[in-house]
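Visitor: Structure here, sequence nowhere to be found:
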């Protein structure tokens, strides 16, 4: 079941046998893996280290029960670093699902609204929270935006590329069309609660790879249905950038 893909993984498996035992228990059936890399990328600041997609794939390829590793990441068209990263993932034989990143210009121009108006702030703060903020806070935030306006800044760029629909679709399609008994999702997004719940109700095994305090409440609640959450910090030595391991 477990055959180290590289000499480095073999040595790490000998050093951390308990981690390999845990992974064997997770990958004990025919498995497909779904990596929402935009979500995973956000974890890295909290973790204090970065995930090497090369080392991650080598680790996953060491388990012969892993059938497919699907990798979801947007492409910023015209940006060499972004385009090269997608090509790199393909070279490591991930099944790459990508689409262009949308670039939106969001107005921060408060020149035409009263200082106490939440109109511009609605783009950035959810209504539930906005309603809890006092007038002084709204006026303060608008004052900060006004200062940016005086510096000539009236828009900010927001990058958007969400794969929730594609990942949820692929999980359910794989359930219906492929002999897969085990679904491993790398994400903590609440939008996956419904497809994960359905898989669990249909007696499929589902494991979430995530990190502490980065899992939505809706997913945490599914532990009572049988969802298992694996903290990726347990496998840092296997998947971290080489120079960060040396620094640690």
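Guide: Perfect, I can see it now. Please read these numbers as outputs of a predicted model, since none were measured by experiment.

Visitor: Three-state assignment for residue 142, please.
Guide: Secondary structure assignment for residue 142 (DSSP: H, G, I helix; E, B strand; the rest coil): helix.

Visitor: Which helix or which strand is home to the residue lying closest to residue 124 once chain neighbours are set aside?
Guide: Counting by Cβ to Cβ, 6 or more residues apart in numbering, residue 124 lies nearest to residue 106, which is 7.7 Å off, once chain neighbours are set aside. Every residue, glycine included, has its C-beta placed from N, CA and C. Using DSSP states H and E, residue 106 maps to strand 102-107.

Visitor: Please apply the same query to residue 118.
Guide: Per DSSP H and E, there is no helix or strand for residue 118.

Visitor: Check the gap between it and residue 231 for me.
Guide: Distance, residue 118 to residue 231, by Cβ to Cβ, to the nearest Å: 38 Å.

Visitor: sorry, back to before: surely the residue nearest to residue 124 is in contact with residue 159?
Guide: No. Using Cβ atoms under 8 Å, residue 106 is not in contact with residue 159, being 11.0 Å away.

Visitor: what's the burial count for residue 146?
Guide: 15 (other Cβ atoms under 10 Å).

Visitor: which residues does it contact?
Guide: 110-111, 115 (Cβ atoms under 8 Å, 6 or more residues apart in numbering).

Visitor: Return the subset of these lying in helices.
Guide: Assigned to helices by DSSP state H, none of these qualify.

Visitor: Tell me the most packed of the residues you listed, by neighbour count.
Guide: residue 110 (22 neighbours).

Visitor: if I read this right, that residue contacts residue 123, doesn't it?
Guide: No. In this structure, residue 110 is not within contact of residue 123 by Cβ under 8 Å, at 11.7 Å.

Visitor: follow-up on the earlier one: what helices and strands are in contact with the strand holding residue 106?
Guide: strand 155-160 (3 or more Cβ pairs under 8 Å, 6 or more residues apart in numbering; DSSP states H and E).

Visitor: tell me the mean pLDDT over the helix or strand just after the strand it packs on?
Guide: Using DSSP H and E, the helix or strand that follows strand 155-160 towards the C-terminus is helix 164-177. Confidence over helix 164-177 (mean pLDDT, whole number) is 91.
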